[in-house]
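Trainee: Sequence and predicted structure below; questions after.
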Amino acid sequence: MVRFNPKARLDRSRVRDTRSGGGGFPGGGGGMRLPIPGGLGARGGIGGVILLIALFVLSQCLNLDLLGGGSPYSASRLSDAEDSGRYDHCETGEDANEDHDCARVAVENSLTDYWESELGGKFRPIETLTTFSGQVSTACGNADSSVGPFYCPGDDSIYLDTTFFDQVLEDELGGPDGGFVEFYVLAHEYGHHISNLLGFMTEASRSRDTGPTSLGVRLELQADCYAGMWAHHATSTEDESGEVLIEDLSDEDIDLAIEGAEAVGDDRIQRKTQGQVNPETWTHGSSGQRKHWFLVGYESGDLGACDTFDASEDEVLTEE
């Protein structure tokens, strides 16, 4: 099980939690609703983590202004939803070892430190990691608990209803139960932020094609690869004073991450919810593809190895 350094200090400045209901939807509910393609919401067996990219691709293809005026919400309006104080007690790595909420803070700190060291001047951290219940307003539109974890490029933020892992991933999709599954998902969402910074998300937004080698799938596989890269380097990440944040990442942790990636493969979801597999409609890639690209990142620890946009169709289709 992942072990945090008790001496490490946690930075809570980018992690927040909204009260139940998310403080309401600013602007009277205007802006874009988060789409669930195919008419299948989380209660129908498909949660937000399975369909994240549809939000970003559809939003940008429709030329919605995610950076300001076109939305009732902006990153400067964080006060629209009051912080519940859920993370106020999270101060050290010891707190992270004892409390899953604090472990979430530590993982965000680790991801930020790793990607800053990897990208240098190209890097900027996420605006916030926001946990919520009920509903939340974002620069990408209004979301509720059925959406699941997602990254919004309009405000550079990650949003997470923590009940997703028990209610959807485990109960409905038959995915694994374990703390590191969530950390894999957070690393995947942070990977979308990195893809956004490097311009790959913009490239993916130019196409609405679906299928196992589509640009949308390549973007999702890249996020899995970036998650693997972080896992490769996680035990070398540090807090602001130079203390190592994560002391140990076990084989069990990596196995849970792989099981989590496989659980949200398009083929597995379609087989479970529809009884048949239709690769032409895939938006995230198969279980095998997702496992493969997570392992590419984990085993290589190399940014260039995760360029799924430059990979040939045969390379993108490769499964473990």
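Mentor: Yes, it's here.

Trainee: Could you use CA atoms for every contact and neighbour count after this?
Mentor: Noted.

Trainee: ok, the residue lying closest to E243 once chain neighbours are set aside - how many residues close by?
Mentor: Of all residues not flanking E243 in the chain, A8 sits nearest, at 5.5 Å (Cα to Cα, 6 or more residues apart in numbering). With neighbours defined by other Cα atoms under 10 Å, the count for A8 comes to 23.

Trainee: any idea how far A8 is from D239?
Mentor: Distance check for A8 against D239: by Cα to Cα, to the nearest Å, it reads 6 Å.

Trainee: intersection of neighbour lists for the two?
Mentor: Between them, A8 and D239 share the neighbouring residues L245, with contact defined by Cα atoms under 8 Å, 6 or more residues apart in numbering.

Trainee: Which of the helices and strands in this structure ranks last by mean pLDDT?
Mentor: None of the helices or strands of the chain scores lower by mean pLDDT, DSSP states H and E than helix 52-61, at a mean of 35.

Trainee: how many other residues sit next to D88?
Mentor: For D88, the number of neighbouring residues by other Cα under 10 Å comes to 12.

Trainee: Name the SS class of it, please.
Mentor: Taking DSSP: H, G, I helix; E, B strand; the rest coil as the rule, one finds D88 in the coil state.

Trainee: Quick check: chain neighbours aside, which residue is closest to it?
Mentor: The shortest distance from D88 to any residue other than its chain neighbours is 7.8 Å, reached at R12 (Cα to Cα, 6+ apart).

Trainee: Helix, strand, or coil at that neighbour?
Mentor: Following three-state DSSP, the label given to R12 is coil.

Trainee: Now do the contacts for F309.
Mentor: F309 makes contact with F200, L215, R218, L219 under the criterion Cα under 8 Å, 6+ apart.

Trainee: do L198 as well
Mentor: L198 makes contacts with K122, as judged by Cα under 8 Å, 6+ apart.

Trainee: ok so, going back, so which of the contacts of F309 is surrounded by the most neighbours?
Mentor: In those, the most neighbours by other Cα under 10 Å go to R218, 30 neighbours.

Trainee: Where helices are concerned, which of the contacts of F309 count?
Mentor: F200, L215, R218, L219 (DSSP state H).

Trainee: Distance of the first one relative to H192?
Mentor: In this case it means F200. Using Cα to Cα, one gets 9 Å for the distance from F200 to H192.
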